[in-house]
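Engineer: Predicted model, plus sequence, below.
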Amino acid sequence: MLGKKILIIGGSGGLGKVFGKFFKKKGFEITLLARNEERLKKAAEQLGVKYELDLKKSVEDADIVMVSIPIKSTPEMIKTVTPLMKKNALIFDVTSLKNAVYKELSNACDKYPINCVSLHPMFGPGIKDMKNYVMILLRVGGTKQYNDKINDLIALFKEEGLNITETNPKTHDLRVALTLGLPHMLNILFLNLLKRSDESLSELTRYTGTTFLLQKVFAESIIQREMEMFGEIQMENQEFHEILDMLEKLIIEYKKIIKNKDTEGFNKLFIQGFNYSKNDDHFKYSYNYFYDFMKILKKEKM
C-alpha cells in the first residue's frame, strides 16, 4: 500500500540518514535530495542509496516524500512539492513544531489527491536503533487509501520497537515547549550564568558535589548540539513564549522569597514541586538513578 520509492528531502542531514537507513532496511528504494551536492553524494555513498538534485523529477517519481529540513523552511517546501506528487502518494515531515506545518499539510490535502501525516521523532541522529524511543504522530488526511497507508507506516515503526504517540498540533507544541524548549533554555542559561560569574568550569568542578556535576555534564551535552534547531524550537513556538512569561513570574516570586528570607514561602514552593512529582513513574527510584549516573561518570574518569 505504501509503495516502494521514498524521497528524503534533506537526506544528507542527521535524521535524513537515520530514516534512510531505516527505510532501506525495510526494503524501500531510497533517493536522497539536498542542496549541498558534496554532502549529499557522501551521504548516499555511506548508505548505499541513490541521490538526486532535481526536485521536480524526484518528487514526481516518489511514493513517499519525507521532508527533513529546518523548521522555518518546511512549510514552504511542503507548499512547493505537494503539487508535484503523484496521486495517492504520502508526504510527512519530521519537524519539532507542528502548528504551521500542520496547516500547510491540511491545505495540501484539500487541494491534491495525496496523503499527509506529520511526525516528530523524539530522538536525534546519534541513535543506534529505534527500540523504546517515541515517535509523535499527527494524522492530517488524504485520499480513500489514507487509513491503510498510515497504518502500514505505523506498523513499520512498531516493528522496530518505536512507541507511537498520537496528538494534535496545539498539544504537541505546548508539550514540546515544556519537554524540549524549557530544558534546553535552562541549560543554556545555566552555562551562561556560570560564565558571567567569571569562574572557570574546571575550577568549579574541584568544589563540586553530585548535583552540580550531573547538571554540568547534562548542560555540556546540550550545548554541543544543533544551535539552529534549538533556537527555532524556542523562537518559532508561541506556546514557548507563554512558558517564558510563566517562568519570568516564577523567578520574580522566587527572588522575592529569597531576598525576604521567607521560609514559609520557600517551603510552600518546595512542597508544591514535591507533590507534583511524587506520582511520576520515575519518582520512587530517582535518587537511585542519580547515583547510577554518578557511578558512570566516576568510571569514565578512571
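Structural biologist: Here it is on my side, so go on. Remember, it's a predicted structure, so these values are computed and weren't measured experimentally. Numbers count the residues shown, from 1 in each chain.
Engineer: the strands in this structure, which residues?
Structural biologist: 5-9, 29-33, 50-52, 64-67, 90-93, 115-121, 134-141, 163-166 (DSSP state E).
Engineer: Can I get the lowest-mean-pLDDT helix or strand in the chain as CSV, trimmed to CA atoms?
Structural biologist: One helix or strand of the chain scores below all others by mean pLDDT, DSSP states H and E: helix 286-301, with a mean of 75. Output for helix 286-301, consisting of C-alpha atoms alone and laid out as CSV, is shown next (Å, rounded to 0.1, in the frame of the first residue of the first chain):
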residue,chain,number,x,y,z
SER,A,286,15.0,8.8,41.0
TYR,A,287,17.6,9.0,43.8
ASN,A,288,19.0,5.6,42.7
TYR,A,289,19.1,6.8,39.1
PHE,A,290,21.0,9.8,40.3
TYR,A,291,23.8,7.8,41.8
ASP,A,292,23.8,5.3,38.9
PHE,A,293,24.7,8.3,36.7
MET,A,294,27.4,9.2,39.2
LYS,A,295,28.9,5.7,39.0
ILE,A,296,29.1,6.0,35.2
LEU,A,297,30.9,9.4,35.5
LYS,A,298,33.4,8.1,38.0
LYS,A,299,34.1,5.0,35.9
GLU,A,300,34.7,7.2,32.8
LYS,A,301,37.0,9.4,34.7
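Engineer: what about the strands of the chain, which gets the closest to Met294?
Structural biologist: With distances scored as C-beta to C-beta, the stretch of the strands of the chain nearest to Met294 is strand 134-141 (26.4 Å). C-beta coordinates here come from the backbone N, C-alpha and C atoms, glycine included.
Engineer: care to break this protein down by domain?
Structural biologist: For the chain, the structural domains run 5-167, 171-301, going by automatic domain parsing.
Engineer: ranking those by mean pLDDT, which is last?
Structural biologist: Lowest mean pLDDT within the domains of the chain: domain 171-301, a mean of 91.
Engineer: of all the strands of the chain, which lies closest to Leu40?
Structural biologist: Ranking the strands of the chain by their distance to Leu40 (criterion: C-beta to C-beta) puts strand 50-52 first, at 5.0 Å.
Engineer: Off-centre distance for that closest one?
Structural biologist: On the basis of C-alpha atoms, centre = their mean, to the nearest Å, strand 50-52 is displaced by 26 Å from the centre of the chain it belongs to.
Engineer: Now do the lengthiest helix in the chain: which elements does it pack against?
Structural biologist: With DSSP state H applied, the helix covering the greatest number of residues in the chain is identified as helix 238-259. Applying 3 or more C-beta pairs under 8 Å, 6 or more residues apart in numbering; DSSP states H and E, we find helix 238-259 packed against helix 169-176, helix 182-196, helix 263-277.
Engineer: and Asn168, backbone torsions?
Structural biologist: Its backbone dihedrals place Asn168 at phi -120, psi 170, with angles given as degrees, to the nearest 10.
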